[in-house]
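Student: Return atomic coordinates for the entry below.
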Amino acid sequence: MGGEWIHLMTRMALIKSNLCAFRWLRQIKTNGTTEEFNLYSSSLTSIQRAVQLRVSSTLPYVH
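Tutor: Okay, here's the model as predicted:
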């Protein structure tokens, strides 16, 4: 059971990261690169990162 739980948590973290990157591309830096997103993400404080993840996971999907 422990391995399955770790796998689930890892997948959830990846999904949240992808949602944050998606929001960044849609609202902050269109045509941004992975390197630019990584710089942006690493520059956030832990509080800012938590807020970004929460906002990203609640945004509706827009084409």
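
Student: CA only for contacts and neighbour counts going forward, please
Tutor: Will do.

Student: Measure how buried residue 15 is and give me the count.
Tutor: Number of residues near residue 15 (other C-alpha atoms under 10 Å) recorded here: 14.

Student: Okay, it and residue 50: tell me how far apart.
Tutor: Relative to residue 50, residue 15 is positioned 14 Å away (C-alpha to C-alpha, to the nearest Å).

Student: now swap in residue 24 and tell me
Tutor: For residue 24 relative to residue 50 (C-alpha to C-alpha), the value is 14 Å.

Student: Now stretch 26-43 - C-alpha only, CSV.
Tutor: Extracted as CSV, the C-alpha positions of stretch 26-43 are listed here (Å, rounded to 0.1, in the frame of the first residue of the first chain):
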residue,chain,number,x,y,z
ARG,A,26,-2.2,31.3,-20.6
GLN,A,27,-2.2,34.4,-18.4
ILE,A,28,1.3,35.5,-17.6
LYS,A,29,3.8,34.6,-20.3
THR,A,30,2.3,33.4,-23.6
ASN,A,31,4.9,31.7,-25.8
GLY,A,32,7.1,31.1,-22.7
THR,A,33,9.6,28.3,-22.6
THR,A,34,10.2,25.6,-20.0
GLU,A,35,13.3,27.3,-18.8
GLU,A,36,11.5,30.6,-18.3
PHE,A,37,8.7,28.8,-16.4
ASN,A,38,11.3,27.1,-14.2
LEU,A,39,12.9,30.4,-13.4
TYR,A,40,9.5,32.0,-12.6
SER,A,41,8.5,29.0,-10.5
SER,A,42,11.8,28.9,-8.6
SER,A,43,11.6,32.7,-7.9
